[in-house]
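Asker: got a predicted model here, sequence first, then my questions.
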Amino acid sequence: KIQSSPYVINMLRDTYCQILCQVRLDGDDAKQLRLHTKYGYHNNWIIDNIPSATQGLSRATGEKQLHYAGGFPIGSVRINHDSSTHAPDSKLLAKKKFHSFDAYVYNHVNIILDYHQPEDGVEGYRVVAFAVEPMSIRHRYLNGFEWDGVSSDGFTKPLDSCPTGRHVTRGDIQENQIIEDGEQILYTYDVMWVESPVRWASRWDVYLTEDHMVPAQVHWYSITNSILVVVFLSLLVISILVRSLKRDIAGYNNTAQLSDEELEEQIEESGWKLIHADVFRPPQNHPMLFCAFVGSGCQICIASFVAISFSAVGFLNPARRGSLMTSILVFYMLCGVFAGYMSSRFYKCFRGRQWQLCTLFTAVMFPGL
């Protein structure tokens with residue numbers, strides 16, 4: 001469920017270390033926040049239907065890097081280990097199986113917004129990109145001022161931990177905000193507006209390519225690999241079936257040269273030939289239920305194929321939130337015609353007489369579940 005946030009953002013108006021609120025951690029609150037930080041809980045923000053990218057430092061190069069999926073974490077964890085022991089194993093870190101650690105909350109965010117002017121001389125701008133740079137800063141007021149979190153004075157008093165007249169950078173951090181019982185956490189934010197040449201119609205391209213980190217050929221390689229695997233397995237199954245059929249046909253052709261005793265032994269069928277006449281035998285119990293399942297499966301498959309096709313062509317744009325779910329429901333409803341036809345057709349093949357009831361049962365069974 002999407003909820004509104006208390007952050008105030010105005011078009012083309014930068015904000016410098018704006019105080020949002022102050023929270024005091026007591027008992028269970030601190031324990032829950034530490035636990036959620038340990039297990040990597042994330043914030044997922046949206047501005048103008050654009051999900052937030054995360055701006056952080058690359059572990060390999062130390063340079064700033066953008067990540068366009070999954071939001072940004074609520075904090076970070078530093079594992080405590082003795083100097084005489086080795087650092088925790090990477091598998092241990094992946095499974096979160098460590099006990100002695102310090103958790104730090106990201107209580108300051110740099111909200112970076114890219115804007116684009118559609119036409120020169122025309123008043124009005126459009127947001128084409130949205131990124132968040134989270135930081136953990138232990139804030140302090142100048143001159144030792146202490147805020148109760150309620151009075152209006154706390155929103156106007158300057159902070160010793162924030163620079164004056166410019167945006168907060170990682171070099172300005174003096175101490176990180178630890179998560180402990182009794183800590184008072186002050187939440188702040190910066191807003192940065194950056195002009196961008198990206199047009200409104202192309203603002204979702206970076207989410208598909210991860211800002212050109214994932215080449216477009218990777219998708220084609222995956223599709224080609226999947227097709228080759230399917231073709232190879234299909235050819236393998238076909239070759240096995242053809243070999244079996246050739247052997248059976250050759251055996252039938254040689255029966256004319258056999259004696260009566262050998263012919264009786266040869267005619268005895270085995271394997272798949274024992275059930276070749278039972279393929280279209282109607283089920284003895286609940287044939288209508290079986291037909292309803294077949295019709296519902298056909299309806300789901302056709303609706304899924306149509307939805308995927310429309311998404312691939314571009315009719316279902318992720319910028320229109322909720323369009324995919326609405327389209328799937330509409331396609332599923334329209335494909336009910338195929339479900340009713342398939343179920344009633346199968347039921348009549350089973351020599352059933354109440355095909356109208358079978359159609360009605362198909363329409364209400366699966367949606368009713």
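Answerer: Perfect, thanks for sending it. Numbers count the residues shown, from 1 in each chain.
Asker: and the helices in the stretch 201-350 of the chain?
Answerer: Taking DSSP state H, counting those that start in this stretch as the criterion, the stretch 201-350 of the chain carries its helices at 205-209, 216-253, 260-267, 287-313, 323-334, 336-349.
Asker: how close does Arg320 sit to Gly27?
Answerer: With distances taken as C-beta to C-beta, to the nearest Å, Arg320 is found 44 Å from Gly27. Placement of C-beta: from N, CA and C, glycine included.
Asker: next secondary structure element downstream of the worst-scoring helix or strand of the chain on mean pLDDT?
Answerer: Using mean pLDDT, DSSP states H and E, the weakest-scoring helix or strand in the chain turns out to be helix 90-94, at a mean of 49. Moving toward the C-terminus from helix 90-94, the first helix or strand encountered (DSSP states H and E) is strand 101-105.
Asker: strands of the stretch 1-150 of the chain, residue ranges please.
Answerer: Assigned by DSSP state E, counting those that start in this stretch, the stretch 1-150 of the chain shows strands spanning 15-24, 42-43, 46-47, 50-51, 53-57, 64-67, 72-73, 75-79, 101-105, 108-116, 126-135.
Asker: will you turn these into a markdown table that also has mean pLDDT?
Answerer: A markdown table is the format used below for the strands of the stretch 1-150 of the chain (pLDDT from 0 to 100):
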| stretch | mean pLDDT |
| --- | --- |
| strand 15-24 | 92 |
| strand 42-43 | 92 |
| strand 46-47 | 90 |
| strand 50-51 | 88 |
| strand 53-57 | 85 |
| strand 64-67 | 82 |
| strand 72-73 | 92 |
| strand 75-79 | 88 |
| strand 101-105 | 90 |
| strand 108-116 | 94 |
| strand 126-135 | 92 |
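Asker: could you dump those strands to CSV with mean neighbour count and distance to Asp205?
Answerer: Shown next, in CSV, are those (neighbours: other C-beta atoms under 10 Å; distance: least, C-beta to C-beta, whole Å):
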stretch, mean neighbour count, distance to Asp205
strand 15-24, 16, 28
strand 42-43, 14, 23
strand 46-47, 14, 18
strand 50-51, 18, 12
strand 53-57, 17, 13
strand 64-67, 15, 13
strand 72-73, 19, 21
strand 75-79, 16, 30
strand 101-105, 19, 33
strand 108-116, 20, 13
strand 126-135, 20, 10
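Asker: of all those strands, which lies closest to Cys291?
Answerer: strand 50-51 (43.6 Å; C-beta to C-beta).
Asker: give me the longest strand you can find in this structure.
Answerer: Secondary structure assigned by DSSP state E gives strand 184-195 as the longest strand of the chain.
Asker: what residues of it count as buried?
Answerer: By 16 or more other C-beta atoms under 10 Å, the buried positions in strand 184-195 come out as Ile185, Leu186, Tyr187, Thr188, Tyr189, Asp190, Val191, Trp193.
Asker: render the CA-only coordinates of that strand in PDB, please.
Answerer: C-alpha atoms of strand 184-195 as PDB (Å, rounded to 0.1, in the frame of the first residue of the first chain):
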ATOM      1  CA  GLN A 184      17.500  10.000  20.100                       C
ATOM      2  CA  ILE A 185      17.600   9.800  16.300                       C
ATOM      3  CA  LEU A 186      17.200  13.100  14.400                       C
ATOM      4  CA  TYR A 187      16.100  12.600  10.800                       C
ATOM      5  CA  THR A 188      17.100  15.100   8.100                       C
ATOM      6  CA  TYR A 189      17.200  15.300   4.300                       C
ATOM      7  CA  ASP A 190      18.600  17.300   1.400                       C
ATOM      8  CA  VAL A 191      16.900  17.900  -1.900                       C
ATOM      9  CA  MET A 192      19.000  18.300  -5.100                       C
ATOM     10  CA  TRP A 193      17.600  19.300  -8.500                       C
ATOM     11  CA  VAL A 194      19.800  18.400 -11.500                       C
ATOM     12  CA  GLU A 195      18.900  19.300 -15.100                       C
END
